[in-house]
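# model this:
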Amino acid sequence: MSTKKKVPLRQCVGCGEMKPKKEMVRIIKTAEDEILMDTTGKKNGRGAYICKSSACLTQARKNRGLERSLKSPIAPEIYELLQKEMEAFEE
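Residues are numbered from 1 along each chain as shown. Next up is the predicted model:
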């Protein structure tokens, strides 16, 4: 008998879709209240997952899903920085 390995799923804070963890990007809030994109998925901090698309980041900004998940307000400059990182990540 072969056992299938369970694939961890995470919900996107933008579109709300459940996807495998490896197909998503983690955004974290560190202990120093920095908001960063964690491409490795191993950094310390409170995390929120988002699809690898700028559209989902825009949606998360509109519905404040990222702010709710990270339990802190996010400045517009940080959203712009995340948007640039996401565009570089998409290419």
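# so what strands line up beside the helix or strand containing G47?
Applying DSSP states H and E as the criterion places G47 in strand 46-51. Strand 46-51 pairs in its sheet with strand 24-29 (antiparallel), by DSSP bridges.
# restrict the helix or strand that the strand it pairs with is followed by to CA atoms and write it as PDB.
Per DSSP H and E, strand 24-29 leads on to strand 35-38 as the next helix or strand towards the C-terminus. The C-alpha trace of strand 35-38 is given here as PDB (Å, rounded to 0.1, in the frame of the first residue of the first chain):
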ATOM      1  CA  ILE A  35       6.400  43.900   6.700                       C
ATOM      2  CA  LEU A  36       8.400  41.700   4.300                       C
ATOM      3  CA  MET A  37       7.800  39.200   1.500                       C
ATOM      4  CA  ASP A  38       9.200  35.800   2.600                       C
END
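# off-centre distance for strand 35-38?
Distance, stretch centre to chain centre, for strand 35-38: 8 Å (Cα atoms, centre = their mean, to the nearest Å).
# check stretch 15-34 too.
That offset, for stretch 15-34, works out to 3 Å (Cα atoms, centre = their mean).
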